[in-house]
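>>> Just to be clear, the model below is a prediction. Sequence and coordinates:
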Amino acid sequence: MRPGPPAAALVLACLAGAAALPGAATGSPAATPVLVDIRASHHPGVDRVVLELDGALPARIRVRYVDRLVADGSGLPVRIAGQAVLRVELSPAQAHDDAGRPTVPRRTAYALPNVMTTVRAGDFEGVTTYGIGLARRTPFEVSTLRNPSRVVIDVRAGFRTERRPVFFLDQDRFVDNVEPFFVRRMRPVRPGTPATGLMDRLFAGPLPAERRAGLRLVRSRARGYTDLTVSAGVARVRLTGGCSSGGSTVTVAGSVLPTLRHLPTVDWVKVLDPAGQTADPTGSTDSIPACLEP
């Protein structure tokens, strides 16, 4: 049974893709609320994202689906993993202290059925914006809580997943020259689209505890992926953004190849550069583009 929403000042169920809540009542000027924590957890039928603030609730809270996440001010695209993106705007609110130091991480990955990452898109002139990268676009509910002030976003996640491995670079093993340099960590993916789910989880990056243990995603300047196909035992995936090994022997290919090759339908993996080129596009072998060579 799916739990009811938390006891809240206001709750708004969203089926169409956007929700807006009034926050704190306006009156005499007060200190700008500071975002001090972002956390996410799974509950029966939903993934719950909580944004906690020091101070009053923001006067304006807007949550909506967007085709892409862009940075406040510049309008430039912000890298975020997932098949759907929720944009969360809090105003007034800031994600830094009086000295300008960030009070919450810019990026966080999660191993939840639907919510896979939160990414900051803006902390500018009293407006804080975050994107939530999702495995699937589903209805959501927004609510608020006080003492302390919290914005709660419940995203439907009542679908089946299965656990499959993704591979990240272990910095300590690499520095100590102890193979394998890339180690597996398990992630939930939807059974119907496991290749897509794995690539999304890979580009979401290591979980906070994994990062503290020295795991990293070496992106090799890639911002993401596109044109992912699996046919006749061959997985093909094209990198987006940039592509450069930087002269290193470890690249994003070290994560992509074993991650996709663990699928029972995949024998070989062809990694293409942003222009669609790779060293061996047709042979019965793995292949990487020239830009990922040392």
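Looks like it arrived, so ask away. Numbering: from 1, shown residues only.

>>> tell me the contacts of Phe182?
Residues in contact with Phe182, defined by Cβ atoms under 8 Å, 6 or more residues apart in numbering, are 167-170, 250, 254-255, 258. Every residue, glycine included, has its C-beta placed from N, CA and C.

>>> The residue lying closest to Trp268 once chain neighbours are set aside: neighbouring residues, count only.
Counting by Cβ to Cβ, 6 or more residues apart in numbering, the nearest residue to Trp268 once its immediate chain neighbours are dropped is Val234, at 5.0 Å. Residues contacting Val234 under the criterion other Cβ atoms under 10 Å number 21.

>>> Next up, the contacts around Val234.
By Cβ under 8 Å, 6+ apart, the residues touching Val234 are 266-270.

>>> Gly254 versus that one, what's the distance?
When distance is defined by Cβ to Cβ, to the nearest Å, Val234 is 19 Å away from Gly254.

>>> cool, Glu89 as well?
From Glu89 over to Gly254 (counting by Cβ to Cβ), the distance is 37 Å.

>>> Which one's more surrounded, these two?
For Glu89 and Gly254, the more surrounded residue by other Cβ under 10 Å is Gly254, and the numbers stand at 22 against 19.

>>> I'd assumed Phe181 was in contact with the more buried one.
Yes - with contact taken as Cβ atoms under 8 Å, Gly254 and Phe181 are classed as touching, separated by 6.8 Å.

>>> Need the residues touching each of the two.
When contacts are counted by Cβ under 8 Å, 6+ apart, the set common to Gly254 and Phe181 consists of Leu169.

>>> thinking again about what came up before, and the residue nearest to Trp268, what's its pLDDT?
At Val234 the predicted local confidence, pLDDT, stands at 97.

>>> Could you give the bridge partners of it?
According to DSSP bridges, the residues that bridge with Val234 are Ser231, Trp268.

>>> State the distance from it to Ser287.
10 Å.

>>> list residues touching both of the two?
With Cβ under 8 Å, 6+ apart, Val234 and Ser287 have common neighbours 268-270.

>>> where in the protein is pLDDT low?
Filtered on pLDDT under 70, the chain yields the residue ranges 1-16, 22-30.

>>> Map the structural domains onto the sequence of it.
31-156, 162-292 (automatic domain parsing).

>>> Can I get these in JSON lines including distance to Ala18?
As requested, the domains of the chain are exported to JSON lines (distance: least, Cβ to Cβ, whole Å):
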{"stretch": "domain 31-156", "distance to Ala18": "4"}
{"stretch": "domain 162-292", "distance to Ala18": "23"}
